[in-house]
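Colleague: Provided below are the primary sequence and the corresponding predicted coordinates.
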Amino acid sequence: MTKIVVDNTTPEGRQRQLEARVQVAWAKVASSVLNFLIGREADPVSAMKEFIAVYDSAEQESIDPKGIAIRGPELGHATKGHPDEIIDTVLTGSLSMIAAMLQVGARQPVSEPQGAYIDDEAYVAAQEQIVRGIMMMEKKIRKAPEES
């Protein structure tokens, strides 16, 4: 059995450790916001406060003059034929649809913005992107049995 030992006592190792801690806190914020948006029990404000505390602490200890890097998934960058193209298309379309729905709700603040989504260009574009992703998935599923 081989054990890998990571030395976090070096300044670079400590920097990576700080960045990892910040990335985990950021993921918790994103998860909390998404859960809140779909109606699940979540407290995005507390998650953001925790993230800010973790980030501020890490920034104080950082050796990087630019501070702590916050990395997230690179959505919207999968090119045609990329293995993650379908996931990227459906996920970015879904997030775009949520953003469009929030924008419509902000312009027309009522419990149900009657028909407002149908007329909204961003919503329709997001809907089309999701459909395109689902069609790609269906095409891949139908093709898969032939390949085996």
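Modeller: Thanks, I have it. Numbering: from 1, shown residues only.

Colleague: tell me how far residue 35 lies from residue 45.
Modeller: 13 Å (C-beta to C-beta, to the nearest Å). From N, CA and C alone the C-beta is placed, and that goes for glycine too.

Colleague: who's more crowded, the two?
Modeller: residue 35 (15 against 12; other C-beta atoms under 10 Å).

Colleague: which SS state does the more buried one fall under?
Modeller: Of the three states, residue 35 takes helix under DSSP: H, G, I helix; E, B strand; the rest coil.

Colleague: quick one: the strands in the protein?
Modeller: Ranges of strands in the chain, per DSSP state E: none exist.

Colleague: quick one: the helices in it, in order.
Modeller: Taking DSSP state H as the test, the helices found in the chain are 11-37, 44-61, 85-107, 121-147.

Colleague: kindly present these as TSV, with separate columns for mean pLDDT and distance to residue 70.
Modeller: Below are those laid out as TSV (pLDDT from 0 to 100; distance: least, C-beta to C-beta, whole Å):
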stretch	mean pLDDT	distance to residue 70
helix 11-37	87	5
helix 44-61	94	8
helix 85-107	84	17
helix 121-147	86	25
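
Colleague: now these as JSON lines including distance to residue 69?
Modeller: Converted to JSON lines, the helices of the chain look like this (distance: least, C-beta to C-beta, whole Å):
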{"stretch": "helix 11-37", "distance to residue 69": "6"}
{"stretch": "helix 44-61", "distance to residue 69": "10"}
{"stretch": "helix 85-107", "distance to residue 69": "22"}
{"stretch": "helix 121-147", "distance to residue 69": "29"}
